[in-house]
Structures are given as C-alpha cells and as structure tokens.
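[1] model this:
(2 chains)
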Amino acid sequence: MKKPNIARGPLWPAIGLLLAAGVSLRAAADLPMHYQAQSTNTSVAIQGTSTVHDWEMKGPIIGGFVDFPDGVNFDTNQATLPGLKDGLLPAGVTARITIRSIRSEADHLPEVMDRLMREAMKETNYPRIEYHVTELKLQQPHVAGQPFAFDAKGSLAIAGVTNKVAFPVTIVPLGKDKIIISGTAKLKMTDFKIDPPAPNFGLGLMKCGDDIKIVFQWTLMYVPPKQP
Amino acid sequence: MKRKKETSKVDRRDFLKNTSVATFMAMMGGVELNLPAAAQEAKSAGGEAPLTKRPPFPPCRYGVIGAGVWGRKIISTLALLKNDDEFANTEVVAVCDHYAGWLNRAGDLVPKAEKFDDYRKLLAKPEVQAVIVATPTHLHRDIVLDALKAGKHVYCEAPLAHTIADAKDIARAAQSSFKLVFQAGLQERSHPHRHFLWPFIRTAALGRNVLVRAQWHKKESWARTASTPARTDELNWRLHQATSPGLMGEAGIQRLDAVTWFLGGPRSGGRPSAVTGFSSLILWNDGRDVPDTVQAVFEFPDGPNAGVRFLFDATLCNSFDSEYEMYYGTDSAILMQPGNEARDSKAWMFKEADAAMFGWEVYARKDSFGAESGISLVANASKQSALTDKGTAASAPPAVEPLQYALQAFTANISEIGGAARTYEENFGGEDTADFRANMAENRKRALTQYPAAGWEEGLEATVLAIKANEAALKKQKIELKNEFFEL
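    Okay, here's the model as predicted:
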C-alpha cells in the first residue's frame, strides 16, 4: 500500500459534498439497483497480534448501501453475471463502520480494551471507518454454484487518513432480495497513522503488532425505487 | 481484544510467604469481608493486575435539578469524579432550584454552570445530556417524565416517588425510553464492595438463610427552619404523610433494596410476600404526622427463603450503631455495615463451630470483634491477586462513598448505552423497531455487566416495598404484598 497523500484542508469538505452529489446522481441514473445495509447477518471483526497474544474485536454493524446497474442478478448457478462491462461490475459502494460498535470480547477488562481502541483510532474526531469502491472485477472463470468472487479496489478512510486498498470479496444471494458481501482486508495500522497500542497492564509491556485483518460479512437488502 | 494465552504471575516465594501468613491468620479465627483498593481498581474477579491508565470516557454534561443538601452533595461528588482520569470529562453545566438561596449556594460550587429557577428551562438546553433529579420525593414524577421526553438521561433519587402510581408512571416512561439511561438512586447496586459480598450470600456460605436484620439509627429531628413560614413548610415535606414516604422510604429504602437483592430479588424468592409494620412518635412531637420510630417485619414466599423474615427498624431518636445489615444462616452470619464509620464500614463473617470449611478461609484475614473473633473477608482472597498483593492492601474498603460509584456507573453507562443508540440511529435510522430495541437490550446488558447500576425495575421494586412498609407501619398492621403492586 502506498502512503496516503490526501490534503485535509478547509476546501475538502466542499469538494467532498460535490463529489457525493455527483455520485448519487450517477447512482440514480446508471445504477438503479439499490441495496441497503441490514442489521442482521452482518459482522465485522478486527484481528491482530501482540507481543502477548493474538486479539480480536467484533462488531455487528456495517452501515451504508450498494448500487448496481439494472438487471444484475447474483444467481450463483448461472455461468456469468449480467451487467458486466469488460469483466468489471459497475458499482457504487458506501460502507461505514461506526468505531464504537466494535467491541472487545476479552475475559478481563473488555470495556477498557474498547476505550483503548477508540483512543487509538481517534474516535472522537473520526467516529467512522468509511469505504468506497472504485473497481469491482469479477474473477474469471466463475464456476456455477460457487460464490461470485471479485477483486475490489477502493478507498478506505480510517482515523482521518484515506488510502487506496485492494482485497478480494465474494457476493452470494440470501433469499429473494438480499445479498451477502464477504471479504478480508489486510492492513497496516501505521499506513493510517495509527500507533499500534501498547497498553500498560502492570505485567510488563504489551505491544500490538502493526498488521491487522478486517474480516467482514455484510448483508444488504434490495430496496425497489419509490414510485413517483 | 481476545486473550488467548494466560500466564501465572505468582512467584513461588511470594506464594509461600503469603500463604503461610494467611494460614496463620485463619487459624486465629474469623473472616473480614473487604474489597482492597487495588483489587477494586482491577475490578476483575480473575485477579488481573490493574491498568495504570484507563482512557477517559467522552465528555458528559450534567444538569442537577434540586439544589438542597443532597443536590449539593451530588454536585460536589460529580466534581470529585474529575479527579479520576477515567471521568475527567464529567461536568456540571446547569443547576436548578426555584429557591434562590439554594441555587446560589449550588452555583458557588460550580461557578461555570448556568443557573435556572425552572427545570423546564434547564431541560430546553441541548448541551445538557443528563439530569440528576434530587428534589423532594413527591416532586420527582413530572420532572423525570419531562426530562425523558426531552431526551435526557435521568438519574432519579430513591425512592422514585411517594405513591405507587407515580413510581409506576416513572417506571413506564423509563421503560419506553429505550435509547436513554435511567438510573434509580439505589447506590448500593453500583458499589464494588456489594458485588464482592454478593457471592458470599448467594453461594450458600451462610448455609440455609435463617433471618436478616437491618437498622438505620440517627438522632436528628428532620425538621428544618427557614425565614418564612411558607418556605419552612416547603422544606418540611418529610414530616407530613401527604408528601413523605416516612422513615421506611427516606431512610430505609437503601437497606430494603440491598437485603431483598441479596435474598435473590423478585425472580428468585427475594420479593417479600407480606410486611407487618409498627410505628410511634416518641421524641420529635412538633406537629408532624410522620412517626420518628418504625419497625417492619417482611415475610418471604415459599422457595429458597421460606420461613425467613427480614426485620428492619429505623429511628430518629437514637444513633447507636448507625446502620448495618446482619444476615444469619445455619452455618454462619455475615455483617455488612456500609456507612458505619465507627466500624470502618467493614464486612465480617462469623462461622458456626460446626460449619464446614470451604477452603478459601485459609487465605482470609481475621480480627477480633469485641469478645468475638470474626473473619474479615478480603476480595479475591482465594485468588492469585491476593497472593501477589504482598499484604500491603488496606483491610478496610476504600474511602469512596457509594454515591460516587453510582455516579461513575451513570457516566459510564451514558457513554456506552447512549453511544450504542447513536450508532444504531446513524446506520439504520431512529425508528422504534423491534430490531432497534433488541440491539439496545443487548448493549444495555453488556454495559450493566461492566458498570452495574439500578434501573427502573430495581427502582420500582424498592419504592413499592418502602411505600407498602410505610403504609403497614402507619396502620400498624400486616399488608400482603401482591404481585400487581410491582407490575406495570
């Protein structure tokens, strides 16, 4: 991953707004298949290492939405996916993870772990992790009966730093109108200017490793367009 | 963060040294039941060493409604919270009292806080996140209902109200405000020492429960004087049955709550089935119609406490031995005396000679108690932390008042439960759905495990018990405690 080079001057919020407006206009015109995040069947886990033990924190919530072109149907039994253009699936993705929804499951002092994590991720100033997709490429060949596998490229904002990231994801249908997007993103804390926490537990120094994995399963439901 | 590997930090030499001292102590006699400051810091039963620094909770801005003696005590306790890094962001930003004299005195304690003579004006302030209602008991209802409606987290002093109808209105409003924190002012519920003692009672260290006795003794009149007759009347709401839940409510509710909690609570046979009361006005015959001396006998239904009675007495006529609870069982007796300064608020266990030893007694500290010897129970006594503690921990509980723990819990739960509500709203909207409620129930459970506190259920239970005990005392008769009294 390259070091980020994102200006955070006062002009950016305005440009951000313009971009957001542009994206939503585009979404309405080209990508009418709107999927909204669901609160069930969704999980996100942050896994890491430390000098003492491996650790894991979990959350049940990923907010946001995904837009696809008309006619996209994730029927895994089919040999291909409708809506592909040159192997790419046009998509608008906004995924948000509220940092305080991610919790420690430690046996001891989980509430302190939670707050250490919030502190490390500068939660007061940057309460959400936000992801936008820029390219979704279907891995070929797709085998009928298997999940649709993609290489996703996008931008990920954590603790005020936005980086380009790439990781594989899979999409499978759930019932008639839902889809589940799953994947694992491997990241380094320092790429996002986060110092790996080194809490002092009175038992000598424990230091977290720089490498972390974000493992997610995200359920979304198709929302038909409102009739005028 | 999930801990996957644990290593023992007990040094063999420490183990031998501490074990032999503890064994010697135990050979001397009884057990002192105390939670040492260090263990309390760690707040974990697993004997984890304390964190040197805990990250602070996000800012929490309080409004205090009612600036009388207790309201001002709450203000100064909130100021004390700030000494702890964890609660450094706590702030009183508004105080309210319709009596200018008290409002000014409260303002002196927190000069930066805005002063209001009407609680509705305080509730209109968006920067006030949470309110603490410390007005006279009979004025709680409207304030609490309006505060919850205004989206404020509420800490309501106990008893919740002076009538069951008012208490139920408050409980209903708190129940439906599922995005907010409602805490009843039953401080013992947040006290780490209580949570340390509870297992001793609930794991049959007493043997079979036989009897519980508790008292609240003070020598004071409760009467107040002011410059005008109208103000004097207003101040003396405690002295008249129309506005006062009497000694059972104003003095006894913390004991009634603690004892019925320790006997199992409403779901495990700890809700009394009947109360018989007695009352007299012996000393303070100044025109009041509220007795200055009361007794109550609570009976329990068939179940784990069948045949057990709880004797409570309160008086304003004699101060001897202040307050305590004494639990008698077939194997031992446990004495708890929160607030009993003469005895360092210590808790003690006295074992019967024929009672079986559980094993943990060898690690326990023992002191003489008058002509008796008692076991002075120490937290984590049988755990590794007791062994690594090198005997330096104070044997008395730390000098932190129960109110401080209760306000800490309130602050922590506002952060956790209030934050969880915001998180859900942000992602899925704020509509009142079954999913939202289920999500909040989960978060509430989690938060309360870490920072225990009394909610509306405990508040209503204790308030009904106190009101009915007061009624029984005034009528000097027995009242059957029907389930419908407690149900919404």
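[2] Return the set of buried residues in stretch A:96-105.
    Neighbour counts over stretch A:96-105 (16 or more other Cβ atoms under 10 Å in any protein chain shown) mark A:96-104 as buried. Yep, even glycine has a C-beta here, placed from its N, CA and C like the rest.
[3] measure it end to end?
    21 Å (Cα to Cα, to the nearest Å).
[4] Do that stretch and chain B come into contact?
    Yes: Stretch A:96-105 comes into contact with chain B (Cβ under 8 Å from any Cβ of the partner chain), by way of A:96, A:98, A:100-101, A:103-105.
[5] Tell me the pLDDT of residue 29.
    Since no chain was named, I'll use chain A. We have a pLDDT of 54 for A:Ala29.
[6] was after chain B, sorry
    With respect to pLDDT, B:Gly29 scores 43.
[7] Please apply the same query to A:Lys122.
    Reported pLDDT for A:Lys122: 89.
[8] Regarding it, which helix or strand does it belong to?
    Counting by DSSP states H and E, no helix or strand carries A:Lys122.
[9] B:Val110 - how many residues pack around it?
    B:Val110 has 21 neighbouring residues, counting by other Cβ atoms under 10 Å in any protein chain shown.
[10] Surely B:Ile417 and B:Glu442 touch.
    No: counting by Cβ atoms under 8 Å, B:Ile417 does not reach B:Glu442; the two are 10.7 Å apart.
[11] longest strand anywhere in the chain?
    Using chain A here. In chain A, assigned by DSSP state E, the strand with the most residues is strand A:208-223.
[12] Hmm, no, I was thinking of chain B.
    strand B:209-217.
[13] got a list of contacts for that one?
    B:247, B:251-252, B:255, B:259, B:262-263, B:304-305, B:308-315, B:318-330 (Cβ atoms under 8 Å, 6 or more residues apart in numbering or on different chains).
[14] now swap in stretch B:400-416 and tell me
    Here stretch B:400-416 makes contact (Cβ under 8 Å, 6+ apart) with A:111, B:57-58, B:60, B:73-74, B:77-78, B:80-81, B:84, B:86-87, B:90, B:129-130, B:132, B:153, B:155, B:181, B:183, B:185-192, B:338-339, B:443, B:446-448, B:450-453.
[15] Buried residues of it, list them for me.
    By 16+ other Cβ under 10 Å, the buried positions in stretch B:400-416 come out as B:400-416.
[16] What of stretch A:213-226?
    In stretch A:213-226, counting by 16+ other Cβ under 10 Å, buried: A:214-216, A:218-221.
[17] where along chain A do the strands fall?
    Listed in chain order, the strands of chain A (DSSP E) span A:33-37, A:43-50, A:55-59, A:63-68, A:92-98, A:103-104, A:128-138, A:148-158, A:161-174, A:178-188, A:208-223.
[18] Let's have these in a markdown table, adding mean pLDDT and distance to B:Arg231.
    Output for the strands of chain A, formatted as a markdown table (pLDDT from 0 to 100; distance: least, Cβ to Cβ, whole Å):
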| stretch | mean pLDDT | distance to B:Arg231 |
| --- | --- | --- |
| strand A:33-37 | 94 | 58 |
| strand A:43-50 | 92 | 59 |
| strand A:55-59 | 92 | 55 |
| strand A:63-68 | 94 | 54 |
| strand A:92-98 | 94 | 50 |
| strand A:103-104 | 88 | 51 |
| strand A:128-138 | 95 | 53 |
| strand A:148-158 | 96 | 59 |
| strand A:161-174 | 95 | 61 |
| strand A:178-188 | 96 | 66 |
| strand A:208-223 | 94 | 61 |
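[19] Residue ranges in the stretch 351-488 of chain B under the pLDDT threshold?
    Low-confidence segments of the stretch 351-488 of chain B, defined by pLDDT under 70: B:359-368, B:377-399.
[20] Would you mind listing what in it touches chain A?
    Going by Cβ under 8 Å from any Cβ, the residues of the stretch 351-488 of chain B near chain A are B:412, B:416, B:419-420, B:423-424, B:426-428, B:435, B:439, B:446, B:450-451.
[21] which one of those is nearest chain A?
    B:Asn427 (3.1 Å; Cβ to the nearest Cβ).
[22] What separation do you get for A:Lys58 and B:Ala173?
    As for A:Lys58, its distance to B:Ala173 is 33 Å (criterion: Cβ to Cβ, to the nearest Å).
[23] Check B:Asp321 too.
    Distance from B:Asp321 to B:Ala173, by Cβ to Cβ: 39 Å.
[24] who has more neighbours, the two?
    Relative neighbour count places B:Ala173 above the other of B:Asp321 and B:Ala173, with 20 against 12, counting by other Cβ under 10 Å.
[25] list the helices and strands whichever strand or helix holds that one packs on?
    Using DSSP H and E, B:Ala173 maps to helix B:164-176. Judged by 3 or more Cβ pairs under 8 Å, 6 or more residues apart in numbering or on different chains; DSSP states H and E, helix B:164-176 is in contact with helix B:140-149, helix B:456-475.
[26] Deepest-packed of those, please.
    For those, the largest average neighbour count (mean count of other Cβ atoms under 10 Å in any protein chain shown) is found in helix B:456-475, namely a mean of 25.
[27] Let's see which of the contacts of strand B:209-217 end up in helices.
    B:247, B:255, B:259, B:262 (DSSP state H).
[28] Out of those, who's the most crowded?
    Most crowded among these, counting by other Cβ under 10 Å, is B:Leu247 at 30 neighbours.
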